[in-house]
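**Q** Fold the following, please.
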Amino acid sequence: MNLSRLSACLCLLPLSVACARMSGPAEPSPASNTGRFSAPPNGYAAPESASTEPSPAPPADGAARADAEGAAAPAPASAPISARSERAYEPAPQKKADDRPGLGTTWGETRTSYVSSAPFNRADAYHPFALVSLNYNDEAGVRAAAQRAGVRDVDIGYGGVDADDGGISVRVLGEGGSAFASAHLGGRDYIVGSDGERYVIQIENHTGFRFEAVATVDGLDVIDGKGGSLSKRGYLINPRSTLEIDGFRQSQAAVAAFRFGSVKDSYAARKGSARNVGVIGVAFFHEEGSDWRWLGPELERRESANAFPGGFAAPPPSNLAR
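**A** All right, here's what the predicted structure looks like:
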């Protein structure tokens with residue numbers, strides 16, 4: 001599918017503000033992405049070194065708590081001993097990022113990417129009309145996922161994921177603009193990447209309506225670098241246009257490129273949690289006042305409606321059928 005690369009939109013302020021042509025950081029890599037925000041950000045993503053914060057103590061009341069990796073916190077020292085064992089039950093520790101195989105997304109080089117602000121009111125503040133999830137890994141990881149899903153012959157393609165009956169397309173593209181190899185396994189869509197490769201998230205709007213797209217990589221919001229949430233604001237996509245999100249946003253003029261790397265070197269691991277490494281997500285929101293019922297293929301169905309679908313007349317039924 002040939003996709004025209006039109007200007008993207010990133011959403012952030014209730015008032016429309018033109019973006020000043022400010023110069024990027026000292027030695028930014030070139031990029032052509034330009035867009036708009038829908039509301040003021042709580043801040044931009046910032047590079048993080050490996051987390052050195054100590055683990056928080058268990059709650060005073062001994063209630064269960066999820067730590068940064070999603071595992072239950074250790075029970076208080078006074079927890080009862082199991083009747084079957086001389087020791088209290090201890091859950092198996094989660095693998096550290098240093099031990100995990102496969103790919104994560106690292107904080108790449110700085111690239112110039114300008115954005116401005118534009119107003120956008122959601123039709124429903126917390127409920128997107130479409131959610132897209134793309135898993136990614138190296139070739140060995142995708143083959144392991146295929147084995148787990150019971151798939152012997154992996155059908156490799158180069159497409160993307162469609163949402164809203166084809167009204168929106170999401171693809172992951174490499175530096176040359178071509179899509180990464182992909183496979184559909186066990187109900188999930190996988191991208192096959194390689195260590196060191198840069199990628200962009202391309203979103204194409206095939207409809208005549210404007211959308212807001214909130215995107216995450218490894219569970220982190222691509223604008224502020226913090227935990228992804230549907231309550232956060234995102235990028236605006238104009239009707240019949242294309243948006244390319246090419247990194248974690250550092251400012252209104254620059255991003256840190258998305259690059260595949262090891263899990264231990266991923267941006268998420270360096271911020272303290274690699275729990276959600278390996279997944280790219282995009283949530284789409286309607287604009288207030290838009291007639292979303294005309295999204296997807298409805299107009300195409302009407303344009304192709306046949307006024308005389310019956311063809312020639314059929315003989316009447318026999319007397320026996322009366």
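
**Q** which residues of the stretch 101-250 of the chain fall in helices?
**A** With DSSP state H, counting those that start in this stretch as the criterion, the stretch 101-250 of the chain has helices at 139-148.

**Q** just the strands in it please.
**A** 103-112, 114-117, 130-137, 161-163, 168-173, 181-185, 188-192, 198-205, 211-217, 220-221, 235-237, 242-245, 247-249 (DSSP state E, counting those that start in this stretch).

**Q** and residue 273, which of the ones you listed is closest to it?
**A** Residue 273 lies closest to strand 220-221 among the strands of the stretch 101-250 of the chain, at 9.2 Å (Cβ to Cβ). Yep, even glycine has a C-beta here, placed from its N, CA and C like the rest.

**Q** circling back: looking at the strands of the stretch 101-250 of the chain, which is buried most?
**A** Of all these, strand 235-237 has the most neighbours on average by mean count of other Cβ atoms under 10 Å, namely a mean of 28.

**Q** Check the gap between the residue lying closest to residue 192 once chain neighbours are set aside and residue 156 for me.
**A** Once flanking residues are discounted, residue 192 sits nearest to residue 181: 4.2 Å by Cβ to Cβ, 6 or more residues apart in numbering. Per Cβ to Cβ, to the nearest Å, residue 181 is found 5 Å from residue 156.

**Q** Same check on residue 235?
**A** Residue 235 sits 29 Å away from residue 156, going by Cβ to Cβ.

**Q** Can you list the low-confidence ranges for this protein?
**A** Where the chain drops to pLDDT under 70, the residues are 1-34, 39-42, 49-95, 292-300, 319-322.

**Q** try 80
**A** In the predicted model, the chain carries pLDDT under 80 at residues 1-42, 48-98, 152-160, 291-303, 310-322.

**Q** Distance to residue 149 added to the strands of the stretch 101-250 of the chain, as CSV?
**A** CSV is the format used below for these (distance: least, Cβ to Cβ, whole Å):
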stretch, distance to residue 149
strand 103-112, 18
strand 114-117, 39
strand 130-137, 11
strand 161-163, 17
strand 168-173, 20
strand 181-185, 5
strand 188-192, 8
strand 198-205, 24
strand 211-217, 23
strand 220-221, 26
strand 235-237, 32
strand 242-245, 28
strand 247-249, 31
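
**Q** Please name whichever of these is nearest to residue 227.
**A** strand 220-221 (6.7 Å).

**Q** now what about that closest one, what contacts it?
**A** With contacts defined as Cβ atoms under 8 Å, 6 or more residues apart in numbering, strand 220-221 is touched by 45, 214-215, 226-229, 232, 248, 267-268, 271, 276.

**Q** Narrow these to just the buried residues.
**A** Using 16 or more other Cβ atoms under 10 Å as the burial test, the contacts of strand 220-221 include 45, 214, 215, 228, 232, 248, 267, 268, 271, 276 as buried.

**Q** Need the max-distance pair from those residues.
**A** Top of the distance list for the buried ones among the contacts of strand 220-221 (Cβ to Cβ): 214 and 271, 18.7 Å.
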